[in-house]
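Trainee: Next input, structure requested:
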Amino acid sequence: MDFGNLQKITNGKRKYAITPYIPGGFITTDNLQKIVDVVKKFNGVIKITSGQRILITNLEKEDLEKIWKELGMEPAVKSQNSVKNVEMCPAGFCKRSKYNTISTGMKLLNKYKWKDMPCRTKIGVAGCRNACGSVYSKDVGVIADKTGFIVTVGGSAGHNPRMADIIAKDLTEKQALKLVDNIFIYYKKHAEDGEKLGFFIDRIGLDNFYKEVSKSM
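Mentor: Numbering: from 1, shown residues only. Predicted coordinates:
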C-alpha cells in the first residue's frame with residue numbers, strides 16, 4: 001500500500017499527501033532532514049498538522065512508493081478505524097508540568113498505536129491542567145495534576161463536537177493507564193461499528209459507562 005490520501009483534483013490532475021509516523025510530535029534531526037530532502041526532490045509541500053505530525057502534500061501518486069522508501073519511515077495512520085495518534089505536550093521541558101507525562105504518553109502510544117477501534121480514536125496526554133494539545137477534545141485524555149492523574153473520555157472536535165467528560169481524578173499513573181485499558185476493552189466490545197466513543201457514552205449513559213470501566217480498578 002502507498003498510504004497516500006487524495007488531496008485535490010484540479011483540471012483532472014490528482015495530488016496526494018502522506019503523513020509519516022512521528023511519535024508524540026518528537027522527531028529526530030535525521031528524520032527531519034529526510035523529510036526536507038524528499039519534499040525538495042518530489043516538489044512537495046510541508047504542512048504542520050494540528051495532530052503534531054508533518055503532512056507532505058502536492059505529491060504524484062506514482063511517486064508515493066518511492067517516497068516512502070526514501071523516507072524509511074512508517075505511516076502515521078494505517079487504517080481508518082484505529083488509534084490515529086497520541087498527542088502530548090512537552091511536559092518534561094515545561095515549567096508548568098506537574099509530572100513528566102511524555103513517558104506516560106509514550107507508554108500509551110507504544111501499546112495502542114494503529115490498534116483497531118470501532119471508530120477513529122485519538123488520545124491526548126498533558127502534564128498539567130492547562131491540557132495543551134486540546135486534550136478535552138480527544139476520545140481519551142490523561143492529565144497530570146498536583147494531586148494525581150485525571151482521566152477524561154468522549155471528546156471530539158469533528159463534525160459533531162463534544163467536550164470530554166472527567167471520569168476519574170487523583171489517580172496514580174498506574175491506575176490511570178489501567179483505566180484507559182478498561183475503557184478501550186469495554187468500548188471495543190460493546191460499541192457499534194463507526195460509533196465514536198463520545199456517542200457510545202451518550203447512548204449508554206456516563207454513569208453506566210464509568211461503572212463498567214471502573215469495575216477492576
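
Trainee: got the buried residues for stretch 43-57?
Mentor: Going by neighbour count (16 or more other CB atoms under 10 Å), the buried part of stretch 43-57 is Gly44, Gly51, Gln52, Arg53, Ile54, Leu55, Ile56, Thr57. Every C-beta, even on glycine, is put in place using the N, C-alpha and C of the backbone.

Trainee: sec struct for the last one, please.
Mentor: Right, Thr57. Recorded secondary structure, Thr57: strand (DSSP: H, G, I helix; E, B strand; the rest coil).

Trainee: The closest residue to it other than its chain neighbours: how many residues sit nearby?
Mentor: Nearest residue to Thr57, sequence neighbours excluded (CB to CB, 6 or more residues apart in numbering): Ala17, at 3.7 Å. Using other CB atoms under 10 Å, Ala17 has 18 neighbouring residues.

Trainee: so Ala17 makes contact with Asp63?
Mentor: No: using CB atoms under 8 Å, Ala17 is not in contact with Asp63; the gap is 11.8 Å.

Trainee: For Lys41, which non-adjacent residue is closest in space?
Mentor: In space, Lys41 is closest to Glu70, 7.7 Å off (CB to CB, 6+ apart).

Trainee: which SS class is the one you found?
Mentor: Assigned by three-state DSSP, the conformation of Glu70 is helix.

Trainee: That one: neighbouring residues, count only.
Mentor: Per other CB under 10 Å, the neighbour tally for Glu70 reads 15.

Trainee: Could you list the buried residues of the longest helix along the chain?
Mentor: The longest helix of the chain (DSSP state H) is helix 173-190. By neighbour count with 16+ other CB under 10 Å, helix 173-190 contains the buried residues Glu173, Ala176, Leu177, Lys178, Leu179, Val180, Asn182, Ile183, Phe184, Tyr186, Tyr187.

Trainee: what's the answer for stretch 32-44, then?
Mentor: Across stretch 32-44, burial judged by 16+ other CB under 10 Å covers Lys34, Ile35, Val38, Val39, Phe42, Gly44.

Trainee: Closest one to Cys128 out of these, please.
Mentor: Closest approach to Cys128 among the buried residues of stretch 32-44 (CB to CB): Ile35, at 30.4 Å.

Trainee: Please tell me I have it right and Ser134 contacts Ala157.
Mentor: Yes: under the criterion of CB under 8 Å, Ser134 makes contact with Ala157 at 6.7 Å.

Trainee: These two: which is more packed in?
Mentor: Taking other CB under 10 Å, Ser134 and Ala157 do not tie; Ser134 has more neighbours (17 against 14).

Trainee: Please name the bridge partners of the closest residue to Leu59 other than its chain neighbours.
Mentor: Nearest residue to Leu59 in three dimensions, chain neighbours excluded: Tyr16, at 4.8 Å (CB to CB, 6+ apart). Tyr16 has the following beta-bridge partners by DSSP bridges: Leu6, Leu59.

Trainee: Tell me how many other residues crowd Tyr16.
Mentor: Using other CB under 10 Å, Tyr16 has 22 neighbouring residues.

Trainee: what do you get for Pro75?
Mentor: Neighbour tally, Pro75, other CB under 10 Å: 16.

Trainee: for Arg129, what are its contacts?
Mentor: Contact analysis of Arg129 by CB atoms under 8 Å, 6 or more residues apart in numbering lists Ile143, Asp145, Ile150.

Trainee: wait, Gly124 sits on Lys138?
Mentor: Yes: Gly124 lies in contact with Lys138 (CB under 8 Å); the separation is 3.6 Å.
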